[in-house]
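Asks: this one's sequence-less:
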């Protein structure tokens, strides 16, 4: 989706800390597939002149560190490096994948943990790009700049979506630029706000939904829920209304795409753990305001240019002061694949329902498979209610305790808050 890269990516400077010449050559080859003009410095871990904190500033854009069999010293060194917010990100490469070491690596401050068997030019490039975006965000924060809410950077619209097909619905005050999505009940455009040129997403809904009174109430409520929120973890809605019979929503544009797209490309277990940690922080932000999302799924988690996720689509969300008429007893809300057992029963839900949905997403990120999959929604609902979740494969067994608590059938047996989950993962 036209994801902008950090300014440093054009002339990348890598420090490769590897024990073997073969690993050094492999990393150079993989990196040059993405950055042909990159420069490399090679050192062996444990050399007397191996860099400490100070010399790294400004000399390298990223560090690729081969994790030796005796990894304790390497993790300690990574932690010392990452104490400095201006030091380059560290990406660990291991001969064998190990989720327990991966969790320790990210706690030490590593940006990613890549088993050698999974190394491809695309996988390495994605890890470096995401590390650089996070680094840019850290540097902005160290300067007191709120990176999440800077004005949208103009983008090359040719890299987004496709040309407009026919005449787009005219929404006063906005000019459609490209079509970026279309479903049965909505068209989605990259658009420009006429009075200041702000690029944003314009979602125009089918006129038939205006006759649905329940929809209209939820449509209006979504804007009220989010209009006052200024949080990097929640999509900003700039405007909402009607263009003739067409309901529309104008919201911020997310150049990083959806979690669904990233899952389709494949995630390392460490990337899955980090995403879960970040989504937990996003849930904590809305739960603290009394909002339960109730439709958490990969398509509703988008990424900012700095790589951090934000929640979108609060059409089914419930606020602390909502009236019960918007939710009928026994009515199931949400997407069955990601719904909690209490949602499947049509019961009243609280913030712990969102945590169950996050558990379903975490399992899918780790394994590339749906937690429960069946031809029809009724079968999936029955599985959420009665079936034990499948166990993770042995190579991912270290994550099983987290999943067990997230996916507990009874809300009181789950993590009791998103903050508790975040503290457990702490990445």
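Replies: Arrived safely. Note that the structure is predicted; figures quoted are calculated from it, not measured. Residues are numbered from 1 along each chain as shown.

Asks: let's verify residue 403: helix, strand, or coil?
Replies: helix (DSSP: H, G, I helix; E, B strand; the rest coil).

Asks: now it: how far from residue 256?
Replies: Residue 403 sits 25 Å away from residue 256, taking CB to CB, to the nearest Å as the criterion. C-beta coordinates here come from the backbone N, C-alpha and C atoms, glycine included.

Asks: where along the protein do the helices fall?
Replies: Secondary structure of the chain (DSSP state H): helices at 21-34, 72-82, 99-107, 121-142, 213-227, 259-265, 269-287, 341-344, 351-367, 377-386, 400-406, 418-425.

Asks: next, format the ones you listed as a markdown table and append mean neighbour count.
Replies: Below are the helices of the chain laid out as a markdown table (neighbours: other CB atoms under 10 Å):
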| stretch | mean neighbour count |
| --- | --- |
| helix 21-34 | 16 |
| helix 72-82 | 17 |
| helix 99-107 | 20 |
| helix 121-142 | 19 |
| helix 213-227 | 16 |
| helix 259-265 | 16 |
| helix 269-287 | 22 |
| helix 341-344 | 21 |
| helix 351-367 | 24 |
| helix 377-386 | 16 |
| helix 400-406 | 17 |
| helix 418-425 | 18 |
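
Asks: lowest mean pLDDT across the ones you listed, which one is that?
Replies: Within these, the stretch with the lowest mean pLDDT is helix 213-227, showing a mean of 70.

Asks: how about residue 74: what's its closest non-neighbour residue?
Replies: residue 67 (5.6 Å; CB to CB, 6 or more residues apart in numbering).

Asks: and the one you found, bridged to which residues?
Replies: residue 94 (DSSP bridges).

Asks: and it, what is it in contact with?
Replies: Neighbour list for residue 67: 74, 92, 93, 94, 95, 101, 105, 113 [criterion: CB atoms under 8 Å, 6 or more residues apart in numbering].

Asks: so the fourth one sits against residue 101, correct?
Replies: Yes: in this structure, residue 94 sits in contact with residue 101. The criterion is CB atoms under 8 Å, and the distance is 6.9 Å.

Asks: can you work out which residues contact both of those two?
Replies: With CB under 8 Å, 6+ apart, residue 94 and residue 101 have common neighbours 67, 71, 113.

Asks: save those as TSV, and put in distance to residue 285 and pLDDT too.
Replies: As requested, the shared contacts of residue 94 and residue 101 are exported to TSV (distance: CB to CB, whole Å; pLDDT from 0 to 100):
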residue	distance to residue 285	pLDDT
67	34	84
71	35	82
113	27	84
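
Asks: between those residues, which is nearest residue 273?
Replies: Distance to residue 273, by CB to CB, is smallest for residue 113 among the shared contacts of residue 94 and residue 101, at 9.3 Å.

Asks: contacts only, for residue 258.
Replies: 298, 299, 301, 302, 303.

Asks: that one bridge partners, please.
Replies: So, taking DSSP bridges as the rule, residue 258 has residue 302 as bridge partners.

Asks: need phi/psi at the residue nearest to residue 368 when sequence neighbours are not counted.
Replies: Leaving aside its sequence neighbours, residue 368 sits nearest to residue 266 (CB to CB, 6+ apart; 6.8 Å). Backbone torsions for residue 266, taken as degrees, to the nearest 10, come to phi 100, psi 130.

Asks: give me the pLDDT for residue 266.
Replies: Model confidence at residue 266 (pLDDT) stands at 84.

Asks: was I right about it contacting residue 365?
Replies: No: Residue 266 lies out of contact with residue 365 (CB under 8 Å); the separation is 9.6 Å.

Asks: quick one: common contacting residues for those two?
Replies: Common neighbours of residue 266 and residue 365, using CB under 8 Å, 6+ apart, do not exist here.

Asks: burial count for residue 179?
Replies: By other CB atoms under 10 Å, 18 other residues sit near residue 179.

Asks: where's it relative to residue 202, distance?
Replies: From residue 179 to residue 202 the distance is 10 Å (CB to CB).

Asks: give me the common contacts of these two.
Replies: 188, 189, 190.

Asks: by neighbours, which of those residues wins?
Replies: residue 189 (26 neighbours).

Asks: any idea how the protein splits into domains?
Replies: Here the domain parsing of the chain from automatic domain parsing is 7-145, 157-252, 259-425.

Asks: out of the contacts of residue 67, who's nearest residue 343?
Replies: Checking the contacts of residue 67 one by one against residue 343 (CB to CB), the nearest turns out to be residue 113, at 33.8 Å.

Asks: tell me the contacts of the closest one?
Replies: Residue 113 neighbours (CB under 8 Å, 6+ apart): 67, 91, 92, 94, 97, 101, 102, 105, 106, 268, 269, 270.

Asks: from residue 300, how far off is the third one?
Replies: Plainly put, residue 92 is 31 Å away from residue 300 if you go by CB to CB.

Asks: what does the second one give?
Replies: Distance check for residue 91 against residue 300: by CB to CB, it reads 29 Å.
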